[in-house]
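A.B. asks: turn this into a model:
(one chain, ligands or ions: 1)
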Amino acid sequence: MANDVQKLQSIISHCKEYGFIFPSSEIYDGLSAVYDYGQYGSELKKNIRDYWWKSMTQLHDHIVGIDAAIFMHPTTWKASGHVDNFSDPMIDNKDSQKRYRVDHLLEAYADALEAEGKKAEADDLLATMDRLLAASDFEGLKKLIEEKKIKCSVSGTSNWSEVRQFNLMFSTQLGSVSEEASEIYLRPETAQGIFVNFQNVQKTGRLKIPFGIAQVGKAFRNEIVARQFIFRMREFEQMEMQFFIRPGTQKEWYEYWKKERMQWHLSLGIPPEKYRFHDHVKLAHYADAACDIEYEFPMGFKEVEGIHSRTDFDLKNHQEYSRKKLTYFDTELNQHYLPYVIETSIGLDRTVLMILSEAYLEEDLSTEGKKDSRVVLRFPPKLAPVKLAILPLVKKDGLPEIAREILSACRPHFRCFYEEKDTIGKRYRRMDAIGTPFCITIDHQSREDQMVTIRYRDSMQQERIPIPQIREIVEKEIL
Ligand code: ATP
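C.D. replies: Numbering: from 1, shown residues only. Predicted coordinates for the structure are as follows:
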C-alpha cells in the first residue's frame, strides 16, 4: 500500500516535470483541486476525448453528438433535482475544523477494519451506512460515527458536529449586480444539456428510438473533500451519453451498455483484472439501476465511469417544469410516450489519471557492473501525445536535412517531435518519459542506403527500416 501511495506521488511529480499537468495558477501557490494541462497533458487528454467521441458517435449507428452551453436556464436544475438533492452529508471535527464526507469517513474506517482482518464487521458497517444514507437518517449516521469512536486524522479526537447537507453546485450572477441579477449555476453535469435538447435533436435529425446523444464538456462541483490529484476536481470534464429507449426495455439496454462500455475500457489495452463493476445499493434520486466501472488506481479500486438507468425521470420533470410536451411518437407502436434513458458517464480527467497510472513504469535496466533505470509511460500508441521522434545522430553532415524531410512528410499525418541536441541515449530517455512509442535515428549510413533506425519504446528493440516505410509503421499502430 505504501508503495502505491508513493506511485501516485511519483506520477504527480512526473506530470509536473514533463509538462503534463500543473497545479492551477501555481505562481500564486495554486488553487485547491483545480489543475491545468500542459503541452503533453493537453494532447493526451485530447486523444482520449477523440477516442471516446469517435467510438461513441462515428462508429455507432444511432448516436449523435452535441455541444451545449455551460450556463443553462436555472429552472433546469430545479427540474433535474440538483437544487434539492445534489448534496453530500458532511460532518465537521470541532477541534480541527476539518470537514469530512460522512460516507468517506465511514468507508475509510471500514477499510481499516478489513486490513485488521475484521471483514465481517466492515461489511456490516457499510451495509448500515448504506441503509442510513438511503433513509437520509443524519442522526443515525452521527450515532454510528460516535459508536465506532471514529477519530479525526488531524486532531485525533471524536468531537463531531451534526451531520449536514452541502449543495455542490457553484452559482454566479447573470446580468449586472445593480439590477435584479438572476442567480444561475455552473452545470454540475453535462447530461441536462442533452435532455433539454432532446426534441431539437430528435426532430432535426429525424432520429428513431433507440438512439443516443453524446456530449463532452466541463462540469463544476464544489467538492468539499477534493484530493487525490485529478481524481476529484472542482472543475472537470465529463464524457456523457444518454441513450433514449422504449419504456420497459431498460433492463436489456442497461446490460448492453454495461458490456459495451467495459469493452471500450478493455480496448485501451488495460487488463480485465484491473476493472470491476460495483452495483449501487443506494440509488441516486433519478435511477432505477446503477453501477460504476471501477479501475484499480494506485489508491485502490475507484469509480471511473457510471452507468445509470435513469427511467423517464429527467424528461418527465423537464416536461412538467417547462410545460412543453417532450413525448416521442413511436410509429411502429403507433404510440406517444416519454422515452426511458440509459446513461453512460465517464470523467475525462479520471480517465487521464487511469491511463497515466496504467502507463507509468519505473524500470530497472541495470546490467552487471552498470546501474541504469528509466521512467517510461507505456501509453497505447493511439493515445500518446507524440507518436514519432525524429532524431538526427549529429547536427551536421547533412543528417538534419534528411531528418527534416522525414518530418515534413510525416507531420501532416501525426504528431512528430524533432530534436538534435544531446546524446541519443538522453534523447531516447526523454521520449520514454513522455511516452513516445517510436523514435527514429538518422545516421551517416542513412545517406548511403536511405534507411534509418527505428526504436520501439516498450521493448527498446531497434531495427533498420527504409525511410518510406516509417509512416506506414506508425499509422498502423495509431489508427
Ligand atoms: P463520486 O462518487 O466519485 O463523487 P459521482 O458518482 O458523483 O462520483 P457521477 O455524478 O456519476 O459521479 O459522474 C460521472 C463521472 O464523472 C464519474 O464517474 C467520474 O469519472 C466523473 N467525476 C465526477 N465528479 C468528479 C470530480 N469532482 N472530478 C473529476 N471527475 C469527476
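A.B. asks: got the phi and psi for Ala214?
C.D. replies: Dihedral pair for Ala214: phi -110, psi 150, per degrees, to the nearest 10.
A.B. asks: could I get the full set of strands for the stretch 301-450 of the chain?
C.D. replies: Using DSSP state E, counting those that start in this stretch, the strands found in the stretch 301-450 of the chain span residues 328-330, 335-337, 340-347, 360-364, 373-377, 388-392, 416-418, 438-442.
A.B. asks: need those in a markdown table with mean neighbour count, can you?
C.D. replies: Where you see a C-beta, it was placed from the backbone N, CA and C, and this is true even at glycine. Converted to a markdown table, the strands of the stretch 301-450 of the chain look like this (neighbours: other Cβ atoms under 10 Å):
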| stretch | mean neighbour count |
| --- | --- |
| strand 328-330 | 15 |
| strand 335-337 | 13 |
| strand 340-347 | 24 |
| strand 360-364 | 13 |
| strand 373-377 | 18 |
| strand 388-392 | 25 |
| strand 416-418 | 19 |
| strand 438-442 | 24 |
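A.B. asks: in CSV, list the ones you listed along with distance to Phe231 and mean pLDDT.
C.D. replies: Supplementary listing: those in CSV, determined by distance: least, Cβ to Cβ, whole Å; pLDDT from 0 to 100:
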stretch, distance to Phe231, mean pLDDT
strand 328-330, 38, 97
strand 335-337, 39, 97
strand 340-347, 8, 98
strand 360-364, 15, 96
strand 373-377, 18, 96
strand 388-392, 30, 98
strand 416-418, 29, 98
strand 438-442, 31, 98
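A.B. asks: to Ser161, which of the ones you listed lies closest?
C.D. replies: Across these, the minimum distance to Ser161, taken as Cβ to Cβ, is reached by strand 340-347, at 30.1 Å.
A.B. asks: that closest one vs the ligand: in contact?
C.D. replies: Yes: in this structure, strand 340-347 sits against the ligand according to Cβ under 6 Å from any ligand atom; the contacting residues are 345-347.
A.B. asks: for stretch 73-87, same thing?
C.D. replies: No: if you take Cβ under 6 Å from any ligand atom as the test, stretch 73-87 misses the ligand, and the best it gets is 9.0 Å.
A.B. asks: how long is that stretch from one end to the other?
C.D. replies: Distance between the two ends of stretch 73-87: 20 Å, counting by Cα to Cα, to the nearest Å.
A.B. asks: try stretch 356-372
C.D. replies: The first and final residues of stretch 356-372 sit 23 Å from each other (Cα to Cα).
A.B. asks: what of stretch 430-445?
C.D. replies: With Cα to Cα as the measure, stretch 430-445 spans 24 Å from end to end.
A.B. asks: now do stretch 448-467
C.D. replies: Between the start and the finish of stretch 448-467 there is a gap of 12 Å, counting by Cα to Cα.
A.B. asks: sorry, back to before: redo the strands of the stretch 301-450 of the chain as TSV? Include distance to Asp4.
C.D. replies: Listed next are the strands of the stretch 301-450 of the chain as TSV, based on distance: least, Cβ to Cβ, whole Å:
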stretch	distance to Asp4
strand 328-330	48
strand 335-337	49
strand 340-347	20
strand 360-364	12
strand 373-377	16
strand 388-392	31
strand 416-418	31
strand 438-442	30
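A.B. asks: for Ser267, which of the ones you listed is the nearest?
C.D. replies: Ser267 sits nearest to strand 340-347 of all these, at 13.6 Å, using Cβ to Cβ.
A.B. asks: give me the contact list for the closest one.
C.D. replies: The list of residues contacting strand 340-347 from outside it, by Cβ atoms under 8 Å, 6 or more residues apart in numbering, reads 52, 189, 191, 236-250, 253-254, 256-257, 261, 304-315.
A.B. asks: give the ChimeraX command for selecting the buried subset of those.
C.D. replies: Of the contacts of strand 340-347, the buried ones go into a single ChimeraX selection, burial set by 16 or more other Cβ atoms under 10 Å:
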select :52,189,191,236,237,238,239,240,241,242,243,244,245,246,250,253,254,257,261,304,305,306,307,308,309,310,311,312,313,314,315
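A.B. asks: so which of the contacts of strand 340-347 reach the ligand?
C.D. replies: Subset of the contacts of strand 340-347 in contact with the ligand: 189, 236, 238, 304-306, counting by Cβ under 6 Å from any ligand atom.
A.B. asks: burial count for Tyr35?
C.D. replies: Around Tyr35 there are 24 other residues, counting by other Cβ atoms under 10 Å.
A.B. asks: distance check, it against Glu235.
C.D. replies: 9 Å (Cβ to Cβ, to the nearest Å).
A.B. asks: any weak-confidence spans in the protein?
C.D. replies: By pLDDT under 70, the low-scoring segments of the chain are 1-3, 176-181, 225-226.
A.B. asks: so what's the residue count around the closest residue to the ligand within the stretch 1-150 of the chain?
C.D. replies: Using Cβ to the nearest ligand atom, the point where the stretch 1-150 of the chain gets nearest to the ligand is Ala33, with a distance of 7.5 Å. For Ala33, the neighbour count with other Cβ under 10 Å is 23.
A.B. asks: doesn't His14 make contact with Ile434?
C.D. replies: No: if you go by Cβ atoms under 8 Å, Ile434 and His14 don't touch, sitting 9.6 Å apart.
A.B. asks: neighbour count winner among the two?
C.D. replies: Neighbours were counted for Ile434 and for His14 using other Cβ under 10 Å; Ile434 has more, 23 against 18.
A.B. asks: residue contacts, that one?
C.D. replies: With contacts taken as Cβ under 8 Å, 6+ apart, Ile434 has the following neighbours: 18-20, 40, 377, 385-386.
A.B. asks: of these, just the buried ones, ChimeraX syntax please.
C.D. replies: If you want just the buried ones from those in ChimeraX, going by 16+ other Cβ under 10 Å, the selection is:
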select :18,19,20,40,377,385,386
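A.B. asks: show only the entries of the contacts of Ile434 found in helices.
C.D. replies: Counted as lying in helices by DSSP state H, out of these, are Tyr40.
A.B. asks: any chance of the contacts of Ile434 in TSV, plus distance to the ligand?
C.D. replies: Formatted as TSV, the contacts of Ile434 follow (distance: Cβ to the nearest ligand atom, whole Å):
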residue	distance to the ligand
Tyr18	22
Gly19	21
Phe20	16
Tyr40	20
Leu377	21
Pro385	21
Val386	26
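A.B. asks: how many neighbours does the nearest residue to Pro23 once chain neighbours are set aside have?
C.D. replies: Among residues not flanking Pro23 along the chain, Gly30 sits closest, at 3.6 Å (Cβ to Cβ, 6 or more residues apart in numbering). One way to gauge burial is a neighbour count; for Gly30, by other Cβ under 10 Å, it gives 14.
A.B. asks: tell me the SS of Gly30?
C.D. replies: The three-state assignment at Gly30 reads coil, by DSSP: H, G, I helix; E, B strand; the rest coil.
A.B. asks: what bridges to the residue in the stretch 251-400 of the chain that the ligand sits nearest to?
C.D. replies: For the stretch 251-400 of the chain and the ligand, the shortest gap (Cβ to the nearest ligand atom) falls at Gly347, measuring 2.4 Å. For Gly347, the beta-bridge assignment (DSSP bridges) gives partners Gln238.
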